[in-house]
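Q: 3D, please:
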Amino acid sequence: MPLFALKSLLLCVLMVGAVYTCMLKNYTLWIEKQDCTQCVAINTTICSGYCYTQDTNLRGRFGRTFLIQRSCVPLSLVYRAAHIPGCPKDVNPQLYYPAAHCCSCRRCDTRTHRCVRTSRIPYDQCFTTLDSVKKQNQSAVEISQYSNTSSSALARK
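A: Numbers count the residues shown, from 1 in each chain. Now for the predicted structure:
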């Protein structure tokens, strides 16, 4: 019986490391740029997983000593360039995106990381559609035609 208890304890200790894992994960990021007609899917790496966290019901200085809040954050980031097709000549078609190289459970530093996702914009889809680009181009053509007709009318006077 003691051997069974020892094996069970060892299994629980090993499972703690498996439950609280913070590691690299492949992620598809959709990027687009204003005035460009296409959206591009980029494969990158992000930090994902669970870290040990402990909250307390105690208030004040004494309660903060028992508070442990860690996030799965990248230790090193590399910024890579992506080329976005369909951009006008006056728009730079390059856009830089982050790729994580190493992850760790650390206290989240708000000066260097976004600790809470505040944006309600999903990054798994594009907002640029061909219909919206066609409408923008059509309205730009109409404006230029209107300005050409008004300038020619002024020239006649």
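Q: what packs against the host helix or strand of A82?
A: In the assignment (DSSP states H and E), A82 maps to strand 71-83. Secondary-structure packing of strand 71-83 (3 or more CB pairs under 8 Å, 6 or more residues apart in numbering; DSSP states H and E): strand 40-49, strand 94-106. Backbone N, C-alpha and C define where each C-beta goes, glycine included.
Q: of those, which approaches C72 most closely?
A: Nearest to C72, of all those, is strand 40-49, at 4.7 Å by CB to CB.
Q: And that closest one, what does it pack against?
A: strand 22-31, strand 71-83, strand 94-106.
Q: before we move on, back to that, now the angle from the strand holding A82 to strand 22-31?
A: 40 degrees (axes from the mean of the first three to the mean of the last three CA atoms, to 10 degrees).
Q: residues of strand 71-83 that come out buried?
A: If you call a residue buried by 16 or more other CB atoms under 10 Å, then strand 71-83 has these buried ones: 71-74, 82.
Q: Tell me who's in contact with T53.
A: With CB atoms under 8 Å, 6 or more residues apart in numbering as the criterion, the residues that contact T53 are 68-70.
Q: Out of those, flag the one nearest to I46.
A: For the contacts of T53, the nearest to I46 is R70 (16.7 Å; CB to CB).
Q: Pull the number of nearby residues for that closest one.
A: 17 (other CB atoms under 10 Å).
Q: I figured it hits R106, correct?
A: Yes: counting by CB atoms under 8 Å, R70 sits close enough to R106 to count as a contact (6.0 Å).
Q: bridging residues for K25?
A: Counting by DSSP bridges, K25 forms beta bridges with I46.
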